[in-house]
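Q: 3D, please:
(chains A and B)
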Amino acid sequence: AQTVTQSQPEMSVQEAETVTLSCTYDTSESDYYLFWYKQPPSRQMILVIRQEAYKQQNATENRFSVNFQKAAKSFSLKISDSQLGDAAMYFCAYKEDTGRRALTFGSGTRLQVQP
Amino acid sequence: GAVVSQHPSRVICKSGTSVKIECRSLDFQATTMFWYRQFPKQSLMLMATSNEGSKATYEQGVEKDKFLINHASLTLSTLTVTSAHPEDSSFYICSAVPGQGATRGYTFGSGTRLTVV
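A: A predicted model of the protein is given here:
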């Protein structure tokens, strides 16, 4: 079974600074998808960024980018120019390429943004 | 696009009663929906996969007779917590798969906070 590990329960960053959230995963599949979701205090899950495993290029969405290391099974999220609104729980998630499978989530990282 | 509506957002019920939670895809058809449970400060744990027109697939350890799932249409899945007890108090979240969901990520409802007293 696939597992997703987030080793940082909490992180803190100063406003306008950069922070990196770590995620590792375990799978025997070669094709899959990886996601980062944000869960603010409202608890609504919001997709931040996604990465297809077959793509070598790291995904980027405005201030959010990932460092995808397939061989190392690592998928970190970098948030640049952190804003107060970035404060939330961040979950790394994995999905197999085949079929309509559910996402497997990591344990989450709580990000605090200091003004 | 790809909006999922979940109701109610909060519900308080007495122990022993049943509660129904609805998950609707508003602007797309969802043949597959997922139900998750989230305890405070923890991650989302998959409870079951709901497939339109067929029986739901439950994860190991989830009581299918307690958590009844019905996916009778392409836009609606319901989760009924039967004979609820205080230990069933939790945050329940549904997720639906749009046509391109396999690659674009799944859309989540806003969740239901269930409190059993």
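
Q: pick out the residue of chain A closest to chain B.
A: Chain A approaches chain B most closely through A:M45 (3.8 Å), counting by CB to the nearest CB. Heads up, the C-betas are built off the backbone N, CA and C, glycines and all.

Q: just give the nearest non-adjacent residue to that residue, would you?
A: The shortest distance from A:M45 to any non-neighbouring residue, by CB to CB, 6 or more residues apart in numbering or on different chains, is to B:F108 (3.8 Å).

Q: wait, isn't the residue of chain A closest to chain B in contact with B:I93?
A: Yes. Using CB atoms under 8 Å, A:M45 is in contact with B:I93, at 6.8 Å.

Q: can you pull the residues that touch both of those two?
A: B:L44, B:F108 (CB atoms under 8 Å, 6 or more residues apart in numbering or on different chains).

Q: picking up where we left off before, what sits against the residue nearest to A:M45?
A: A:Q44, A:M45, B:V4, B:I93, B:C94, B:S95.

Q: can you tell me the element the fifth one falls in?
A: Applying DSSP states H and E as the criterion places B:C94 in strand B:90-96.

Q: what's the answer for A:R110, then?
A: strand A:109-114.

Q: and that strand, how far out from the chain middle?
A: 14 Å (CA atoms, centre = their mean, to the nearest Å).

Q: direction included, what does it pair up with?
A: Here strand A:109-114 has these sheet partners by DSSP bridges: strand A:10-14 (parallel), strand A:88-96 (antiparallel).

Q: dump the contacts of B:F108 to TSV, plus distance to B:R24 and pLDDT.
A: Below are these laid out as TSV (distance: CB to CB, whole Å; pLDDT from 0 to 100):
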residue	distance to B:R24	pLDDT
A:Q44	15	93
A:M45	16	94
B:V4	7	93
B:I93	14	97
B:C94	9	97
B:S95	12	95
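
Q: name the member of the residues you listed with the most neighbours.
A: B:C94 (30 neighbours; other CB atoms under 10 Å in any protein chain shown).

Q: the nearest residue to it once chain neighbours are set aside is in what secondary structure piece?
A: Nearest residue to B:C94, sequence neighbours excluded (CB to CB, 6+ apart): B:C23, at 3.4 Å. Under the criterion of DSSP H and E, B:C23 resides in strand B:19-25.
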